[in-house]
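[1] Show me the folded form of this:
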Amino acid sequence: MAKRRVWETLNETYRTRLQKGGIGKEQYERGDSLKAARGHATTPENAREYQKNPERFKEYRQRRKAIIDRVTAKKKEAFEFTLRWNEENSGNFVRNPPKLKKKYGLEVRRATMAQLKKIDAMTVEDLVTYQYEVRVEDDWRFLWYH
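    I've put the predicted structure just below:
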């Protein structure tokens with residue numbers, strides 16, 4: 001049996017967020033889906049959801065691919081002159097990190113859309129600078145390897 005939802009147990013900020021998304025006390029306690037109210041009507045809430053049903057998120061996948069292509073091109077423009085530049089590996093660090101774990105034993109998390117959008121909005125010069133600022137943070141490993 002599912003756990004009973006009680007509207008009053010939610011903090012005010014979260015209740016307001018849900019209400020702005022069209023979920024009120026009645027819908028919440030009835031057990032209605034909160035996806036749209038949380039901003040995930042057309043996007044997966046996590047990687048597992050996307051992997052279970054990629055066809056459901058076709059538009060999301062296309063948007064993500066377009067951003068990844070731009071970020072990969074930006075990485076190339078910023079770093080291709082370095083001696084260690086490897087276009088295939090650089091692209092894989094952005095596109096498909098699990099492939100690199102198999103190949104090199106490296107643990108690299110998949111870049112979030114928020115991270116990709118942040119890099120996409122940067123100039124090449126900003127990317128070079130930013131890459132050094134976040135070098136110590138595991139969540140940004142996809143930028144490290146060129």
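[2] and the gap between residue 27 and residue 39?
    For residue 27, the distance to residue 39 equals 16 Å [C-beta to C-beta, to the nearest Å]. All C-beta spots, glycine's among them, are computed from the backbone N, C-alpha and C.
[3] Same question for residue 109.
    Using C-beta to C-beta, residue 109 is found at 21 Å from residue 39.
[4] more neighbours, those two?
    Taking other C-beta atoms under 10 Å, residue 109 and residue 39 do not tie; residue 109 has more neighbours (14 against 11).
[5] Okay, the more buried one and residue 93: tell me how far apart.
    To residue 93, residue 109 is 10 Å away according to C-beta to C-beta.
[6] shared neighbours, these two?
    Shared contacts of residue 109 and residue 93, defined by C-beta atoms under 8 Å, 6 or more residues apart in numbering, comprise 141-142.
[7] Keeping just the C-alphas, turn the helix or strand hosting residue 92 into CSV.
    According to DSSP states H and E, residue 92 maps onto helix 87-95. Output in CSV follows, covering the C-alpha atoms of helix 87-95 (Å, rounded to 0.1, in the frame of the first residue of the first chain):
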residue,chain,number,x,y,z
GLU,A,87,38.8,14.2,-30.3
GLU,A,88,37.2,10.8,-29.8
ASN,A,89,37.9,10.8,-26.0
SER,A,90,36.9,14.4,-25.6
GLY,A,91,33.6,13.8,-27.2
ASN,A,92,33.0,10.6,-25.2
PHE,A,93,33.6,12.4,-22.0
VAL,A,94,30.6,14.7,-22.9
ARG,A,95,28.4,12.2,-24.8
